[in-house]
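> Here's my sequence, what's the structure:
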Amino acid sequence: GVEILLEPPRALIQVADDEPAKGPADAPIVLVEHSDYECPYCARAQPSVRQGLQTYGDRIRHVYRGFPLAMHDDAHLAAQAGQCAGVQGRFWEYHDLLFTNSRALRPADLQRYAESIDLDPDLFAECLDSGRHAHGVDADLESGQQHGVSGTPAFFINGRLLSGAQPFAAFQKIIDEELESAGQAGL
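From the prediction side, this is the model:
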């Protein structure tokens, strides 16, 4: 019986109050996702993320950061569109639509999705056309790169990296370890 006493590697990630997030701000688990709406592996990881949120409830806070890969022509604009939907209070619903439709993310598609969830079409179009969220998407990308993200999806669970489209069990293992170290029972 070998017992490992070393603390796992952990990135110190600051989360701002205005970032797209769900779950209590004081949750013991903070899951920061770096993702690309055009990435098929990112879309494949979404069920594991949803299962984690359902399983752990108010013990987890999910923060989304765009990480549009250069090889995906529509990913940067799609990340900006998500932010524009967030201005109207519908980030997560729009986020889900983008992952569901990850092969159709051209400007006309982005506008159509906005209208399908009853966003104000003129406000959305003005926001997207202005490029006002491009800098924020670039800042998310830079943040991920500073923490060693080179591909998507990449998740940080209380600063511990989980890379790739992992099954729920991989999330569960780290979350349970983090809850245990915080003196809370896992599952």
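
> Could you measure from the closest residue to His95 other than its chain neighbours over to Leu128?
Distances taken as C-beta to C-beta, 6 or more residues apart in numbering put Gly82 closest to His95, at 5.5 Å, once the chain neighbours are dropped. C-betas here are computed from N, CA, C, even on glycine. Distance, Gly82 to Leu128, by C-beta to C-beta, to the nearest Å: 10 Å.

> same deal with Ala85?
10 Å.

> Same check on Cys84?
5 Å.

> When those two are compared, which one has more neighbours?
Using other C-beta atoms under 10 Å as the criterion, Cys84 and Leu128 rank with Cys84 on top: 24 against 21.

> what sits against Ile60?
Gly23, Ala27, Ile29, Val30, Leu31, Gly52, Leu53, Ile175 (C-beta atoms under 8 Å, 6 or more residues apart in numbering).

> now the second one, nearest residue through space, not along the chain?
Read that as Ala27. Arg61 (4.1 Å).

> Just the element for the one you found, please.
Counting by DSSP states H and E, the element that carries Arg61 is strand 60-66.

> same deal with Gln111?
helix 107-116.

> list the buried ones in that helix?
Asp109, Leu110, Gln111, Tyr113, Ala114 (16 or more other C-beta atoms under 10 Å).

> same deal with stretch 136-144?
Gly136, Val137, Asp140, Leu141, Ser143, Gly144.

> same for the helix or strand hosting the fifth one, what does it pack against?
Right, Ser143. Per DSSP H and E, Ser143 falls inside helix 134-146. Under the contact definition 3 or more C-beta pairs under 8 Å, 6 or more residues apart in numbering; DSSP states H and E, helix 134-146 sits against strand 29-35, strand 60-66, helix 75-87.

> nearest residue to the most centrally placed residue in the chain other than its sequence neighbours?
When C-alpha atoms, centre = their mean is applied to the chain, the residue found nearest the centroid is Tyr64 (2.8 Å). Nearest non-adjacent residue to Tyr64, counting by C-beta to C-beta, 6+ apart: Pro20, 4.5 Å away.

> Cool, thanks, talk later.
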